[in-house]
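[1] Here's my sequence, what's the structure:
(chains A and B)
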Amino acid sequence: MTATDQLLFEGADWDFRTLQRICDACEQIARDELGLDVYPNQIEVITAEQMLDAYSSVGMPLFYKHWSFGKHFAFQEASYRKGLMGLAYEIVINSSPCISYLMEENTATMQTLVIAHAAFGHNHFFKNNYLFKQWTDADGILDYLEFAKRYVAHCEERHGRLAVEHTLDAAHALMSHGIDRYPGKKSLDLRAEEKRAGRRRAHEEREFNDLWRTVPTGPAKSGAVLDVERRRQMLGLPQENLLYFLEKTAPRLKPWQREILRIVRHIAQYFYPQSQTKVMNEGTATYVHYRIISRLHEQGRLTDGNFLEFLQSHTNVVFQPEFDDPRYSGFNPYALGFAMMQDIERIVTNPEAEDRDWFPDIAGTGDTMGVLRDIWANYRDESFISQYMSPRLMRRFRMFHLHDDPEERAGILVDAIHDERGYRRLRRELARQYDVGFIDPNIEVVDVDLAGDRRLMLRHTVVKGAQLIEADAKRVLQHLADLWTYDVSLVEADASGTVLKEYVANPRKIAAVA
Amino acid sequence: MHIVDRRLNPGSKSLENRQRFLRRAKALVQGAVKKSSQSRDIKDVLEGGEVSVPIDGMDEPRFRREGGTRDMVLPGNKKFVEGDILPRPNQSGGRGRGAGEGDSEDTFRFVLSRDEFVDLFLDDLELPDLAKRKLAEVESEGIRRAGYTTSGSPANISVSRTVSRALARRVALRRPRREVLEALEAELLDCSEERRAELMAEIEALKSKMRRIPFIDPIDIRYRRFETVPKPVAQAVMFCLMDVSGSMTEHMKDLAKRFYMLLYVFLKRRYRHVEIVFIRHTDRAEEVDEQTFFYGPASGGTLVSSALQAMHDIVRSRFRPADWNIYAAQASDGDNSYADGEVASRLLTDNILPVTQFFAYLEVGQENGLSYEMPNSALWTLYEGLRANGAPLSMRKVNERSEIFPVFHDLFQRRGQQERTGS
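    The predicted structure is shown next:
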């Protein structure tokens, strides 16, 4: 047998047989050597235009129609054409089967990289990380999206495109506040969710009786004012999931509007784990592709030339510009994640004294994959960094911590650097940057004035003096008021309760019609 | 592992979303289209192309924060030590860029297809075709396929339909298949005597059944049916009247030419069939081809009436006003010999204006001139008088290329109902 018999491919060209060979070779390494546990894989080969399509609907293969996706498409297409942006090599979907898109333009080496990265790295992470297990329903998502798409189209037919657009616009504006941050009683089951939605509609249609609609409502039942505590309890207040609150309590929403809020909320919830695990997820996938492809090269199944091509792409992906580089735009999750995974490998297999002090549990245990698999399953970015960022890595990245207090006239303080005194502070601060609970403004519904004008009252708890950007806040509140159909007020208050600013929005007329 | 080739799936899943986006951003995009069309050649403009749209008109608001004390961990420390105080970078400018996105999304350029572009550009334009609107619905007959029928001419027999009906009938009536018959006949060749009689009878029965159920029956025959459908045909003719006398400079001709092109494209989109007649005139008028019209050298005095007369003659001989929507666009620097005014006026009122939908007069001026500083020319005064009497006539002065589009737009702005009936 000559060397070429063992090669997966030669040169840049590939065909479907090649892809199959690549998949099999990757799978073997992934399962037997790395011990990965993945959903069944489905690889789909698509064109660049289809990739752009997929991009603009947040990477999902099917989605309801909305102008903002068209906007993103136009924007992305423009920057792609101008060469500002290369297309991502892959898109991978957290579903079962796990779908990975491959672009037809990729070379055989790139396809190998993408398969190793997405179909095994991301796939393993999706299946095993506790956040995904808790919050997403890989089996149900595609069916649910299909349902969402049909449902929205159906609403457009029945209630008009504009009315649906208003509702979706409003729901999108509140999307980042449509998430339950703490695990509830049960995990999400989108398939059951879709069935329930069907039953709800059937029930509504059965129960609908014009008689009730025409009954005079008359004055409010009694003047007995519910006492505040009881009222808040009944409404489930305070409530930080604004979409959920509206869906359940907004007085004048039509049933279909509630269903749309529900859809947007479910989708926001589905993506929530991804935003909490960017560094880990990309770190895992990058580490896995690096291991798999290096192994393929060792086995003599990749030529040196192809391996060099791989290394070049890999290096580009994990490139971290420094803070004063014009290309700098924050930490590159691929770079940070990959560096941490490799660093953990080093600590497990070849620790130094410092590592033994910092990571007594894993230093020198020798079982790299065992340790990594455990970490991949049980952490999110914030806890991962605050647990596993090593001093050595902070030195390697030459990290430093800036504290910028606008009150301080002199300038920005360098609060910590990569030295003995700074490691723990650096690590804590960096972890905080990835804490979603901290990144999103903390806004809650605190009360509804039921006795009075039904004004909905919200509070933004200001942390470290960062207030809402006024123009945006006003527009989001407008959407909120349109859905609530009564006035909405938002108070910004700091931790001590001092009110810093207050917004009020009145519902627009069209909203009542829509 | 499952590998699927999705490349043949229809792309452009975003097409619908893109259209929604355009619809929503229409005012913005339209503004951008107009702006971009001013700086480009008409021909290029109508090819479609890039426009930039301010993204903030289309942004999607979210609750976001700013200000306050900020903590950040950065890579790439060169020389700082704990406790250093760094000067703030220029606060207003520095921040947006620091975020890494803001900048590029402020405005973005994207490509509109030719149709999208022209549609958006012409969207709020309308031909003032008012009076003869009915004419636009002049109908002629077209033919289209309309299923099948049981009678018709042999030329229209639909073989496939006939054969498939015959087959259905044969199956339904259980016509014996030829193989069955052949099998029996083959068996007949060597078989016992008693079996022989049996076979003969069977064969005979089959044969008679086959005769009763023919392979093709007249009732199977189907003919393709055609029906005539009324087809709206609208036709328009545009007369381009251009003064090429000595006083017209290259710049003026350029302006005129741009105007005509625009008008042509515009008409093309409104009508199935558009004719253009080029007439150039000095003191004599002649109908010429496009090349000569735009590039041919000519010079001489000016008699506007000659062009009008020529137009009138051509209308009489080739374009029956009852069948054609007639438009005229005249470009001139406004000079006319004094004596000609009377003649031109009479031609217009008696012969031309009654049959034209719309008569646009474009007075072209010197480069760098200011249109409102131009003294009223002889023609201008003449046309103004006619317009005051309610003639379907519009007039504008143009000095610069960039004014062509706005003027064109102005002339053909969709009018309110009242203004329309009034004009």
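
[2] Flag the shaky bits of chain A, pLDDT-wise.
    Counting by pLDDT under 70, chain A shows low-confidence ranges at A:1-5, A:57-59, A:61, A:79, A:81-89, A:183-188, A:204-228, A:450, A:510-514.

[3] how about residue 326, secondary structure?
    Since you didn't name a chain, this refers to chain A. Under the three-state scheme (DSSP: H, G, I helix; E, B strand; the rest coil), the conformation of residue A:326 reads as coil.

[4] nope, chain B
    With three-state DSSP as the criterion, residue B:326 reads strand.

[5] isn't it right up against residue B:235?
    No: if you go by C-beta atoms under 8 Å, residue B:326 and residue B:235 don't touch, sitting 10.0 Å apart. C-beta: built from backbone N, CA, C; applies to glycine.

[6] of these two, who's got more company?
    Of the pair residue B:326 and residue B:235, residue B:326 is the one with more neighbours under other C-beta atoms under 10 Å in any protein chain shown, namely 25 against 17.

[7] Quick check: pLDDT value at that one.
    Here the pLDDT value assigned to residue B:326 is 85.

[8] For chain B, give the residue positioned nearest to chain A.
    The nearest approach of chain B to chain A comes at residue B:76, 2.5 Å away (C-beta to the nearest C-beta).

[9] give me the number of residues near that residue?
    Neighbour tally, residue B:76, other C-beta under 10 Å: 15.

[10] tell me the contacts of it?
    The neighbourhood of residue B:76, defined by C-beta atoms under 8 Å, 6 or more residues apart in numbering or on different chains, consists of A:321, A:322, A:323, A:324, A:325, A:328, A:397, A:398.

[11] ok, so what distance separates the residue nearest to it when sequence neighbours are not counted from residue A:77?
    Nearest residue to residue B:76, sequence neighbours excluded (C-beta to C-beta, 6 or more residues apart in numbering or on different chains): residue A:322, at 2.5 Å. Distance of residue A:322 to residue A:77, computed by C-beta to C-beta, to the nearest Å: 31 Å.

[12] who has more neighbours, those two?
    Neighbour totals were compared for residue A:322 and residue A:77, and residue A:77 leads with 22 against 14 (other C-beta under 10 Å).

[13] buried sites along the one helix or strand that one maps to?
    Per DSSP states H and E, residue A:77 falls inside helix A:67-81. Within helix A:67-81, the residues that count as buried by 16 or more other C-beta atoms under 10 Å in any protein chain shown are A:67-80.

[14] now swap in stretch B:386-403 and tell me
    Neighbour-count burial for stretch B:386-403 [16+ other C-beta under 10 Å]: B:386-387, B:391-399, B:401, B:403.

[15] residue ranges of the strands in the chain, please?
    All of this refers to chain A. For chain A, strands defined by DSSP state E occupy the ranges A:41-46, A:90-93, A:98-103, A:400-404, A:412-417, A:442-448, A:456-462, A:467-468, A:488-494, A:499-505.

[16] could you do chain B instead?
    Per DSSP E, chain B carries strands over the ranges B:2-5, B:49-54, B:65-66, B:70-74, B:85-86, B:107-112, B:139-149, B:223-232, B:235-243, B:273-281, B:285-288, B:325-332, B:358-364, B:393-398.

[17] In TSV, list the strands of chain A along with distance to residue B:112.
    Below are the strands of chain A laid out as TSV (distance: least, C-beta to C-beta, whole Å):
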stretch	distance to residue B:112
strand A:41-46	25
strand A:90-93	27
strand A:98-103	25
strand A:400-404	43
strand A:412-417	45
strand A:442-448	39
strand A:456-462	41
strand A:467-468	36
strand A:488-494	38
strand A:499-505	35
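
[18] Is it possible to get a markdown table of the ones you listed that adds distance to chain B and mean neighbour count?
    A markdown table is the format used below for the strands of chain A (distance: least, C-beta to the nearest C-beta, whole Å; neighbours: other C-beta atoms under 10 Å in any protein chain shown):
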| stretch | distance to chain B | mean neighbour count |
| --- | --- | --- |
| strand A:41-46 | 5 | 22 |
| strand A:90-93 | 12 | 23 |
| strand A:98-103 | 8 | 23 |
| strand A:400-404 | 4 | 20 |
| strand A:412-417 | 4 | 21 |
| strand A:442-448 | 6 | 20 |
| strand A:456-462 | 7 | 21 |
| strand A:467-468 | 6 | 21 |
| strand A:488-494 | 9 | 20 |
| strand A:499-505 | 11 | 14 |
